[in-house]
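> Here is the input, now give the coordinates:
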Amino acid sequence: MPATLRLLCVIAASFAFFALVVGTASADTKGPSIETATEITDAPSVDAATEVADDASTDAPTEAVEAAPEAVVDSLHTALLGVMMDAENLGYSGRFEALEGVVPEVFDTPFMAEKSVGRYWRSASEQEREQLLTTFAEFMVANYAGNFDGFSGESFEEVETVDSTHGTRIVRTRLHESDGDIVQLDYRLREVDGRWRIIDIYLNGTVSELALRRSEYSTLIQNEGFDALIEALREKIADLADGKD
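You can find the predicted model right below:
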């Protein structure tokens with residue numbers, strides 16, 4: 001599978017329980033509506049990406065930061081390339097195991113899980129919150145393990161790191177494909193207990209992964225309830241393990 005398609009699958013799988021188009025925000029400003037990799041439908045605009053930046057300064061650390069933002073992103077890229085290069089030998093379970101120790105270290109998964117359900121986090125019971133945190137973290141690993149399943153000469157390039165709103169930072173990178181195509185990937189990070197963690201990824205600088213998740217997850221909760229979201233995530237994890245798209 002080409003690298004661009006893998007990335008689209010990773011992002012699309014975050015919200016593809018049913019495909020839709022949302023208006024997203026760029027790393028620092030609102031952006032236009034985007035078309036998903038699957039199906040184009042009408043949906044309201046979502047400003048979740050901007051709200052993520054607004055909320056990111058909560059729990060700001062007071063101790064020294066262990067690793068620079070670009071080092072965190074580089075560790076993710078290194079891990080992804082590693083499983084891609086040895087994908088066939090590792091199989092899904094091996095890729096999952098290899099990434100299981102990396103994803104929680106580079107992503108602020110509790111923050112992302114909370115923001116992905118928007119206002120429904122406040123009304124969720126303690127049990128529902130715990131289920132979401134656990135299932136969301138597993139889904140994050142499964143999503144990468146299931147989609148980064150081959151290598152054809154891709155490489156990552158760090159472009160720059162810039163300050164952003166509310167103490168967050170944006171690490172701009174490029175994915176170079178073997179056919180010469182270049183995909184822009186921007187990572188937003190915040191400090192958590194003295195460590196930089198990724199809280200959002202922007203494909204081509206505009207498509208906010210977390211904004212797409214929030215649109216999809218909130219719609220599912222509104223229509224079918226919190227348990228339906230947990231079940232949908234579990235089903236997607238099972239599909240990824242079975243090699244289903």
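> CA atoms for contacts and neighbours, from now on please.
Fine.
> where does the protein have low pLDDT?
Filtered on pLDDT under 70, the chain yields the residue ranges 1-66, 244-245.
> now the helices: where do they sit in it?
3-13, 48-55, 69-85, 87-100, 103-106, 109-116, 120-123, 126-147, 209-224, 226-241 (DSSP state H).
> So for Leu175, which of these sits nearest?
helix 3-13 (8.2 Å; Cα to Cα).
> re earlier: quick one, which of the helices of the chain is nearest to Gln184?
Nearest to Gln184, of all the helices of the chain, is helix 3-13, at 10.1 Å by Cα to Cα.
> For the residue nearest to Gly150 when sequence neighbours are not counted, give its distance to Ser155.
Nearest in space to Gly150, with sequence neighbours left out and distances taken as Cα to Cα, 6 or more residues apart in numbering, is Met84 at 4.7 Å. Look at Met84 and Ser155: by Cα to Cα, to the nearest Å, they are 11 Å apart.
> For the two, work out which one has more neighbours and name it.
Met84 (22 against 16; other Cα atoms under 10 Å).
> check contacts around that one.
Applying Cα atoms under 8 Å, 6 or more residues apart in numbering, we find Met84 in contact with 148-151.
> From Ile230, how far out is Ser93?
22 Å.
> okay, the two: which has more neighbours?
Ile230 (20 against 13).
> so Val102 makes contact with Ala79?
Yes: with contact defined as Cα atoms under 8 Å, Val102 counts as touching Ala79 (7.3 Å).
> Quick check: end-to-end length of stretch 109-128?
End to end - Cα to Cα - stretch 109-128 spans 16 Å.
> got it, and stretch 115-126?
Taking Cα to Cα, stretch 115-126 runs 16 Å from one end to the other.
> Need the contact partners of it.
Outside stretch 115-126, the residues that reach it (Cα under 8 Å, 6+ apart) are 52, 114, 129, 210-211, 213-215, 217-218, 221, 226.
> Okay, now the sheet partners of the longest strand seen in the chain, with direction.
Using DSSP state E, we find that the single longest strand of the chain is strand 182-192. Strand pairing for strand 182-192, using DSSP bridges, gives strand 169-176 (antiparallel), strand 195-203 (antiparallel).
> Between those strands, which one is closest to Phe136.
strand 195-203 (13.4 Å).
> chain center to stretch 87-105: distance?
Centroid separation between stretch 87-105 and its chain, computed with Cα atoms, centre = their mean, to the nearest Å, is 16 Å.
> Tell me which of the helices of the chain approaches Leu185 most closely.
The closest of the helices of the chain to Leu185 is helix 3-13. By Cα to Cα, the value is 9.5 Å.
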